[in-house]
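>>> Task: produce atomic coordinates for the following.
(2 chains)
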Number of protein chains: 2
Amino acid sequence: MAATLPRRDLFELPAGVIYLDGNSLGPLPRGAAARAASVIEREWGTELIRAWNSAGWMAMPGRVGDRIATLLGASEGSVTTGDTLSIKVYQALAAALAMRPDRRIILSDTGNFPTDLYMARSLLDTLGQGHELRLAAPEAVEDCIDETVAAVLLTHVDYRTGRMHDPLAVTRRALDAGAVMIWDLAHSAGAVPVDLTAWGAEFAVGCTYKYLNGGPGAPAFIHVRPDIIESVRPVLAGWLGHAAPFAMELDYRPAMSTERMRVGTPSIVQLAILDAALDAFEGVNMNDIRAASIALSELFIREVEARCPSLALASPRDPERRGSQVSFSFAHGYEAMQALIDRGVIGDFRAPDILRFGFTPLYLGGVEVIQAAEILGEVLDGNLWDDPKYRTRSRVT
Amino acid sequence: MAATLPRRDLFELPAGVIYLDGNSLGPLPRGAAARAASVIEREWGTELIRAWNSAGWMAMPGRVGDRIATLLGASEGSVTTGDTLSIKVYQALAAALAMRPDRRIILSDTGNFPTDLYMARSLLDTLGQGHELRLAAPEAVEDCIDETVAAVLLTHVDYRTGRMHDPLAVTRRALDAGAVMIWDLAHSAGAVPVDLTAWGAEFAVGCTYKYLNGGPGAPAFIHVRPDIIESVRPVLAGWLGHAAPFAMELDYRPAMSTERMRVGTPSIVQLAILDAALDAFEGVNMNDIRAASIALSELFIREVEARCPSLALASPRDPERRGSQVSFSFAHGYEAMQALIDRGVIGDFRAPDILRFGFTPLYLGGVEVIQAAEILGEVLDGNLWDDPKYRTRSRVT
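So this is what the prediction gives:
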């Protein structure tokens, strides 16, 4: 059985709940509420406008970015935070295409999160230069990288299946073909070991409200490989990416650092909460998290398969090819997930038929994983999901 | 002397401070900290992922947008919130240009806030269709609107001088010329009466951390005229602007409402703080705020000019042509503002030589305005600004 990393006391987890949805929204870290209160009452309330300097607000996007960089094997100064992941995808892809003006193919896969594809298509529409967004199956995408590809835009861990790309192999193939590599680390940051320096991709983006526990609407991050930053087009050239924002010049001059990827005024309260949340990762080795996560997910698969013959594993069986989640497909997946949540086991449902469970060793142990499998077994065994009250689809699951 | 609206007790204002910078960052509304704590501890902490439904998070951008709409004379459902003002400027302008594919001029003025111009230029670079961003002097811009202009992008109240455009006249001229009108209301929302329905502009955008007191990094807003929304290109087509975000379709279908201007996951904590801040405007008539603001600013000009002959009024003298701020130019403006802040009067400095003061009748009265003028008089009279400690330029003022 997997050992819990001794960090559960760093989170506020409600009694009676087994939380297997930290891959969608991480739980509340214990210091976050106090940190938000301090920013609101002490910094904003008493320092007012002066807090942009006195409380270090203006430098927060880069300072918090540096903390994320250490979790991603990225160098200091190469990550900044802000906006949403959709916006950061847009910035990265637009900058990438500007680096390959003679190529017209953007390669992604059908397992990518929809907003990445939507933002890519809307960028291509705006560019109007005849680019093509080409989607391959996740298993086939690596083989589709060739010298016609301008940029490869992939999510490292598939949001639906948990299938994980081989980032070293894919990035090497992209770089060898002269394609710009963009990794979306939404389901990787804080979940699996990432070594951006070793991978060598030009861009990486991600969100911070999943495994990093930054809270609802926490800012996104973007990493730019340090050797190219001074030639990267910021594309969404907002004033806080300017070399001297408060000079209020009519013309834009980009900052000579990752700060050029900043756009507008940062969401200081959300950044402060994220900053507090990152304390839970202080002194943690991502390899230990990974080992514990694999132990938990292997345990869950074993326990579920022993009890639930009607579920089909939708994730790779090999844990080395899987992120920190396990998915099962089931025709009545929506209803089954509502019934499960009703019984205190919180996972989520993803259309069309996926039951999704995230494993987060910082606050989750083997006992809960077994309990969750038992309750799932009861729901399926007794057809408890077949109750009209579980059929009403709410907007979010 | 101006009467204070009886709302000062709705704000947490530190003792010993006269705050004349609500035009840059509004002060802390009294209910905001408790509201943030409730969202963090009760909703996020105990509801976890379920709060997207149970606490109404998913609908918050539109619900808060509706509250802003009532302050702007806009119809229900025509305003949504999220991202930053820079992003919303980009969305509005890109949508506008798509509506006028045969025109190539974007008209703005040299008094516009730099990020509006930066975002416009970066959009034009991305489009690569030979558009021209044409800048006129603020006084001359109305006369430059003709049938070659695709879009007019103006900030209603000039951030530096407080000069206010005539929105009815400018919008009519734009519409008559077939140009799409975009108003940036950063220094208008919550400060001066706005009647978007009467103005008839296609788009309006703004930020909420100034006169609306939404806190540092509060989300921006965007208004789209209801009759055009179903044909507006969202441009930054993120998943939360999709007609059915959780269907997770590979292709984008925009929502048939202002929701299509949403992009990524909204910053829920900041939205909740903004929502609480808007309580201070419940039952307030913007005409009363305007009358009180004019009284305060007229008083300040009179008192300052009686004491400070070295200052030159940089705002229009006619209060009807001025927003809710007063600016003076002074060669040593930076140092003078630091000396003034050191003595408890908080305004701000804007390059190259502007001392800027905002008047916010919700929490400011005539007594403080006179005191502020007296202290400014002392600073200038005694050359108190001429101290080396006031010369070090910090990044933000």
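>>> quick one: the strands in the stretch 101-250 of chain A?
Assignment of strands within the stretch 101-250 of chain A using DSSP state E, counting those that start in this stretch yields the ranges A:105-109, A:132-136, A:149-155, A:180-184, A:203-206, A:220-224.
>>> Can I get the third one as CSV, trimmed to CA atoms?
Presented in CSV, the C-alpha positions along strand A:149-155 are these (Å, rounded to 0.1, in the frame of the first residue of the first chain):
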residue,chain,number,x,y,z
VAL,A,149,5.6,21.4,-39.3
ALA,A,150,6.0,24.9,-37.9
ALA,A,151,4.9,24.1,-34.3
VAL,A,152,4.0,21.0,-32.3
LEU,A,153,1.3,21.8,-29.7
LEU,A,154,0.7,18.9,-27.3
THR,A,155,-0.6,18.4,-23.8
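>>> pLDDT averaged over the longest helix along chain A, what's the number?
Here the longest helix in chain A is taken by residue count, with DSSP state H as the criterion, and it is helix A:286-307. This predicted structure assigns helix A:286-307 an average pLDDT of 97.
>>> ok, now stretch A:142-155?
In the prediction, stretch A:142-155 has an average pLDDT of 98.
>>> Give me the contacts around it.
Outside of stretch A:142-155, the residues that reach it under the criterion CB atoms under 8 Å, 6 or more residues apart in numbering or on different chains are A:89, A:92-93, A:96-97, A:100, A:103-109, A:111-113, A:116, A:120, A:131, A:134, A:136, A:141, A:165-166, A:169-170, A:173-174, A:177-187. Placement of C-beta: from N, CA and C, glycine included.
>>> Tell me the gap between it and the middle of its chain.
Using CA atoms, centre = their mean, to the nearest Å, we find the averaged C-alpha position of stretch A:142-155 to lie 21 Å away from the chain's own average C-alpha position.
>>> now the end-to-end length of that stretch.
13 Å (CA to CA, to the nearest Å).
>>> Find the helix or strand that residue A:36 is a member of.
helix A:32-37 (DSSP states H and E).
>>> Which strands or helices does that helix pack on?
helix A:268-278, helix B:32-37 (3 or more CB pairs under 8 Å, 6 or more residues apart in numbering or on different chains; DSSP states H and E).
>>> Quick check, central residue of chain A?
residue A:186 (1.5 Å; CA atoms, centre = their mean).
>>> What score does that residue have for pLDDT?
Model confidence at residue A:186, given as pLDDT, is 98.
>>> Report the contact partners of it.
With contacts defined as CB under 8 Å, 6+ apart, the neighbours of residue A:186 are A:85, A:113, A:155, A:157, A:159, A:206, A:207, A:210.
>>> buried ones in the helix holding residue A:36?
For helix A:32-37, burial by neighbour count (16 or more other CB atoms under 10 Å in any protein chain shown) applies to A:32, A:33, A:35, A:36, A:37.
>>> One more: stretch A:74-93?
Within stretch A:74-93, the residues scored as buried using 16+ other CB under 10 Å are A:74, A:77-93.
>>> Quick one: distance of that stretch to the chain centre.
With CA atoms, centre = their mean as the basis, the distance from the averaged C-alpha position of stretch A:74-93 to the chain average is 12 Å.
>>> Check stretch A:88-96 too.
Using CA atoms, centre = their mean, the offset of stretch A:88-96 from its chain centre is 16 Å.
>>> Could you point out the helix or strand that follows the helix holding residue A:36?
Tracing the chain C-terminally past helix A:32-37 and defining elements by DSSP H and E, one meets helix A:51-54 next.
>>> Just the buried positions in that following helix, please.
If you call a residue buried by 16+ other CB under 10 Å, then helix A:51-54 has these buried ones: A:51, A:52.
>>> what about it and chain B, touching?
Yes: legend: contact between helix A:51-54 and chain B by CB under 8 Å from any CB of the partner chain is shown at A:51, A:52, A:53.
>>> before we move on, what about stretch A:63-70?
No: residues of stretch A:63-70 contacting chain B under CB under 8 Å from any CB: none, with a closest distance of 12.6 Å.
>>> Which residues does that stretch contact?
The set of residues that contact stretch A:63-70 without belonging to it, under CB under 8 Å, 6+ apart, is A:56, A:74-81, A:189, A:196, A:208, A:212, A:219, A:221, A:223, A:258, A:271, A:274-275, A:278, A:281.
>>> which parts of it are buried?
Neighbour counts using 16+ other CB under 10 Å place A:64, A:65, A:66, A:67, A:68, A:69 of stretch A:63-70 among the buried residues.
>>> Kindly report the same for stretch A:121-129.
By neighbour count, with 16+ other CB under 10 Å as the criterion, the buried positions of stretch A:121-129 are A:121, A:122, A:123, A:124, A:126, A:127.
>>> Output it as PDB, restricted to C-alpha atoms.
Below are the C-alpha coordinates for stretch A:121-129, written out as PDB (Å, rounded to 0.1, in the frame of the first residue of the first chain):
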ATOM      1  CA  ARG A 121      -7.800  27.800 -34.700                       C
ATOM      2  CA  SER A 122      -8.800  31.300 -33.700                       C
ATOM      3  CA  LEU A 123      -5.200  32.400 -34.000                       C
ATOM      4  CA  LEU A 124      -4.900  30.800 -37.500                       C
ATOM      5  CA  ASP A 125      -8.100  32.600 -38.500                       C
ATOM      6  CA  THR A 126      -6.700  35.900 -37.300                       C
ATOM      7  CA  LEU A 127      -3.400  35.200 -39.100                       C
ATOM      8  CA  GLY A 128      -5.200  34.300 -42.300                       C
ATOM      9  CA  GLN A 129      -2.000  32.900 -43.900                       C
END
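>>> Since that was my last question, I'll sign off now.
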